[in-house]
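S.K.: Test case, fold it:
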Amino acid sequence: MKATEAGLLQFLRAAPRFVIPIYQRTYSWTEKECTQLWDDVYRAGSEDGIDVHFIGSIVYIEDGLSNNTKRAPNLVIDGQQRLTTITLLLAALADTVGDGEPVEGFSADEIRETLLTNHRRSGDEFYKLLLTRTDRDTLKAIVGQHDYPAPKSDRIVENYDAFKNRLAAGEAVVETICKGLGKLIMVDIALSREHDNPQLIFESMNSTGRELSQADLIRNFILMGLEPDYQTRLYEHYWHPMEQDFGQAAYTAHFDSFMRHYLTVRTGNIPRLGDVYEAYKAYARQVQSRGGTIEDLVKEVRSYARFYCVIALGHQTDPKLAEAFQDIRELKVDVAYPFLLEVFDDFDNGRLTCEEFHEVLRMVEAYVFRRAICSIPTNSLNKTFANFARSIDKADYLSSVRTYFFGMKSYRRFPRDEEFIQELKTRDLYNFPPRSYWLRRFENHGRKERVHVDDYTIEHILPQDPNLSAEWQAELGPEAEQVQERWLHTLGNLTLTGYNPEYRNHPFRKKRDMENGFKHSPLRVNDGLGATEAWNEEAIQARAAKLAKEATKVWAAPVLTDAELDAMNVAKDVPTTGYTIQDHHHLSGGHSRELFDAFEQRLLALDPCVSREFLKLYVAFKAETNFADVVPQAKGLRISLNIEPYDINDPQGMVEDVTGVGRWGNGNSEVRLNKMEDLAYVVGLARQALERQMDQAEAA
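M.R.: Residues are numbered from 1 along each chain as shown. As a prediction, the model looks like this:
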């Protein structure tokens, strides 16, 4: 390594040319970073007290370090963003000064011939700086003063134009920038391929400017140390086509997330977004230890990237699959991407048909949407989908997926029709985030001729205006305001129309019978409104019940065959233990039975995942496993809570630590319920045991 301090302009004049290797990221500085550079240069030029301004280091591999007669290009491994931006500023400056020379040495010819080009050379050797393939021709067009290529690099052009606009502010600004550029210094770090490890140095550099993405680090890790010909082949065959699939903007925005999902598929572990690079290095070493090559790794990433572009960016060509992926994207179900990538790989390799793939996608969509409607927390979904594929019998693909979805319990459950219908009828759907999504799915389910829901607006049949008209108050009855408050934004009162301004807050019959009213609407969601005589609480509830039932077909739950149910050992209307409430004589009636019935009702209402099971000596309430066990007694209930005494919040001091004491039931915390006045408090203690169990299951 050779490191020296140098003036930036002297450095550029002395260097023959710099090439950004193919493994480096494309130019990525935004207006924010360019503005910071401009401000630094301007400040240095405007303040006489500033002699120099340090802009960091430029690190490059100089093949000819020991032989000054070689004119091989310098391969930049750190500092390319600053070097490119300075080049754009110098090019904008040369265009601005024209025939003038605001500061000595800053004429247009001097800038172009000594700082931007090697003017006596031709071809690529003419240019002082050559970027990667995506940006190269655009920068060459700017420096060489010819037309932009098609397509051009938008980021290069935007920043170049921004500098030109700033310099157009006047001669004083131009002069200040020239002076500032003359004060810039940097550290010139030249490496030898034979004696230095560019990858280790690259990783350890604390560069200024825009932080390298995890994907940048991964690309460099894969390609940097390879022989040039091999490096070029892998880049041209795999990495560059992948970059083209994403497109410049999406590559920057999505690639880190893609690599995280890809690693989740391949390893079963979900790396933090900031740890993707380290996780990939560990995975790459595992693959290579099993005999895999760098080419195997790059080929695999390229394959999964193609799947990701279909799933997340809409590149699918099959109309049916494209529609399903669009719905999943609109639900923003990124956590399902690892599972979808795995299934896509199986589809690509012929393990399931297009129809089966479509059905799996619709199950994923229904699972996520039903859970959202039922307000089931989403924090478990990432782990649910991360390991889903490992539970699939790929010899019986679709049946295995259905069975897995059907069999999930507790907070991972696939809500059944009864729960989904009940929640859908009363949920505030107007303020539900994917509002256009659910209305579009409702309207287009089963249609071959799709309705573009974006051309319509949401109509509240019972209007939103808090000052209801006399007609509406008469329609709704004496509790009009309460009816409006309860049902305004719910399923039964919402529909689609292209005539929202015409409907205004008119009474229902006018909305129904007017020209283009509900009676004449071609939309499926308006079916039945033309035959409805009045719009009141009963009508809203009736329509909600009808639509909610239809929704179970739109977002269908998995239906298992008898054989699949038998394979899961699903019980059919028989107790799982053989015991019933009649086996507990203290629950045959009286005070203990009253306490138990009230406690049971409150516990089962805590969460749909809670179930009750009668055992010989106690009654178990469970989610994933037992969290509260009730031992009936003559004067009340003794309840074991499956939570440590030190983890429970018990301000009334009712919990007894029974660690090491022989008791029926599970857990080291015990509480007694002997009077109805303590019911709410004891249920609160049991809730803590349930939540503790769910948290532990999620962390597992």
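S.K.: mind listing the strands for the stretch 551-700 of the chain?
M.R.: Listed in chain order, the strands of the stretch 551-700 of the chain (DSSP state E, counting those that start in this stretch) span residues 611-614, 619-622, 626-633, 636-641, 656-657, 669-673.
S.K.: now stretch 88-96, how far from the centre of its chain.
M.R.: Between the centre of stretch 88-96 and the centre of its chain there are 40 Å (C-alpha atoms, centre = their mean, to the nearest Å).
S.K.: From residue 580, how far out is residue 625?
M.R.: From residue 625 over to residue 580 the distance is 21 Å, taken as C-beta to C-beta, to the nearest Å. The way it works is simple: take the backbone N, C-alpha and C, and place the C-beta from them, glycine included.
S.K.: Nearest to residue 415, out of the strands of the stretch 551-700 of the chain?
M.R.: Each of the strands of the stretch 551-700 of the chain has some distance to residue 415 by C-beta to C-beta; the shortest is strand 611-614, at 15.0 Å.
S.K.: helices and strands around the closest one, which ones?
M.R.: Using 3 or more C-beta pairs under 8 Å, 6 or more residues apart in numbering; DSSP states H and E as the contact criterion, the elements in contact with strand 611-614 are helix 590-604, strand 619-622.
S.K.: Other residues contacting it?
M.R.: For strand 611-614, the external contacting residues (C-beta atoms under 8 Å, 6 or more residues apart in numbering) are 575-577, 579-581, 583-584, 600, 603-604, 619-623.
S.K.: What is the neighbour count of residue 144?
M.R.: Neighbours of residue 144 under the rule other C-beta atoms under 10 Å: 15.
S.K.: Contact partners for it?
M.R.: 117, 126, 127.
S.K.: Give the helix, strand or coil label for residue 54.
M.R.: Put simply, residue 54 is strand when judged by DSSP: H, G, I helix; E, B strand; the rest coil.
S.K.: now do residue 506
M.R.: The assignment at residue 506 comes out as coil when based on three-state DSSP.
S.K.: Nearest spatial neighbour of it, chain-adjacent residues omitted?
M.R.: If the residues on either side of it in the chain are set aside, residue 506 comes closest to residue 514, at 7.4 Å by C-beta to C-beta, 6 or more residues apart in numbering.
S.K.: since we're on that neighbour, how many residues are nearby?
M.R.: Taking other C-beta under 10 Å as the neighbour definition, residue 514 ends up with a count of 15.
S.K.: for the one 5 residues further on, same thing?
M.R.: By other C-beta under 10 Å, the residues close to residue 519 number 16.
S.K.: I'd say it and residue 510 touch.
M.R.: No. With contact defined as C-beta atoms under 8 Å, residue 519 does not reach residue 510; the gap is 11.0 Å.
S.K.: for the stretch 251-400 of the chain, which spans come out with low pLDDT?
M.R.: Of all residues in the stretch 251-400 of the chain, none has pLDDT under 70.
S.K.: just the chain next, same as before
M.R.: Scanning the chain for pLDDT under 70 picks out the ranges 1, 63-72, 193-212, 569-577, 697-700.
S.K.: Where do the strands of it begin and end?
M.R.: 2-7, 18-19, 53-61, 74-78, 129-130, 184-191, 457-460, 494-497, 611-614, 619-622, 626-633, 636-641, 656-657, 669-673 (DSSP state E).
S.K.: Out of those, which is closest to residue 554?
M.R.: Each of these was scored for nearness to residue 554 using C-beta to C-beta, and the closest is strand 494-497 (14.9 Å).
S.K.: That closest one pairs with which strands, parallel or anti?
M.R.: Within its sheet, and counting by DSSP bridges, strand 494-497 is paired with strand 457-460 (antiparallel).
S.K.: buried sites along the partner strand?
M.R.: Within strand 457-460, the residues that count as buried by 16 or more other C-beta atoms under 10 Å are 458, 459, 460.
S.K.: Show me what it is in contact with.
M.R.: With C-beta under 8 Å, 6+ apart as the contact definition, strand 457-460 has outside contacts at 430, 435, 439, 488-489, 493-498, 500, 503.
S.K.: out of these, which are buried?
M.R.: 439, 488, 489, 493, 494, 495, 496, 497, 503.
S.K.: As TSV, the residues you listed with distance to residue 42 would be great.
M.R.: Putting the buried ones among the contacts of strand 457-460 into TSV (distance: C-beta to C-beta, whole Å) gives the following:
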residue	distance to residue 42
439	52
488	56
489	53
493	59
494	56
495	58
496	55
497	56
503	58
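S.K.: Tell me the one among the residues you listed nearest to residue 568.
M.R.: Using C-beta to C-beta, the shortest approach to residue 568 within those belongs to residue 439, at 35.4 Å.
S.K.: hmm, back to that, for the strands of the chain, which one sits closest to residue 402?
M.R.: With C-beta to C-beta, the closest approach to residue 402 among these belongs to strand 611-614: 21.7 Å.
S.K.: Can I get the closest one in PDB, CA atoms only?
M.R.: The C-alpha coordinates for strand 611-614 follow below in PDB (Å, rounded to 0.1, in the frame of the first residue of the first chain):
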ATOM      1  CA  SER A 611     -59.600 -23.700  24.200                       C
ATOM      2  CA  ARG A 612     -60.800 -25.700  27.200                       C
ATOM      3  CA  GLU A 613     -60.200 -29.300  28.000                       C
ATOM      4  CA  PHE A 614     -61.500 -31.400  30.900                       C
END
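S.K.: ok, and for it, which residues are buried?
M.R.: Under the neighbour-count criterion of 16+ other C-beta under 10 Å, strand 611-614 has residue 614 buried.
S.K.: Compute the distance from the centre of that strand to the centre of its chain.
M.R.: Distance, centroid of strand 611-614 to centroid of chain: 38 Å (C-alpha atoms, centre = their mean).
S.K.: strand partners of it, parallel vs antiparallel please.
M.R.: Going by DSSP bridges, the partners of strand 611-614 are strand 619-622 (antiparallel).
S.K.: List the contacts of the partner strand.
M.R.: Contacting residues not belonging to strand 619-622 are listed as 581, 584, 596, 600, 603-604, 610-614, 626-630, 632, 666, 686 [C-beta under 8 Å, 6+ apart].
S.K.: buried subset of those residues?
M.R.: For those, a burial check counting by 16+ other C-beta under 10 Å picks out 584, 596, 600, 603, 610, 614, 626-630, 632, 666, 686.
S.K.: Switch these over to TSV; also include distance to residue 152.
M.R.: Below are the buried ones among the contacts of strand 619-622 laid out as TSV (distance: C-beta to C-beta, whole Å):
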residue	distance to residue 152
584	79
596	75
600	70
603	65
610	60
614	74
626	65
627	62
628	66
629	70
630	73
632	79
666	68
686	65
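S.K.: Would you check how far apart residue 393 and residue 346 are?
M.R.: Shown here: residue 393 relative to residue 346, a distance of 12 Å by C-beta to C-beta.
S.K.: Could you report the neighbour count for residue 388?
M.R.: The criterion is other C-beta under 10 Å. On that basis, residue 388 has 20 neighbouring residues.
S.K.: So the nearest residue to it once chain neighbours are set aside versus residue 559, what's the distance?
M.R.: What sits nearest to residue 388 in space, not counting adjacent residues and going by C-beta to C-beta, 6+ apart, is residue 339, at 4.5 Å. Residue 339 sits 21 Å away from residue 559, going by C-beta to C-beta.
S.K.: Among the two, which residue is more densely surrounded?
M.R.: With neighbours defined as other C-beta under 10 Å, residue 339 and residue 559 compare such that residue 339 has more, 24 against 8.
S.K.: any idea how far that one is from residue 279?
M.R.: If you go by C-beta to C-beta, the gap between residue 339 and residue 279 works out to 18 Å.
S.K.: Can you list the residue ranges for helices in the stretch 51-200 of the chain?
M.R.: Under the criterion DSSP state H, counting those that start in this stretch, the stretch 51-200 of the chain carries helices at the ranges 80-97, 108-110, 133-144, 154-167, 171-182, 198-204.
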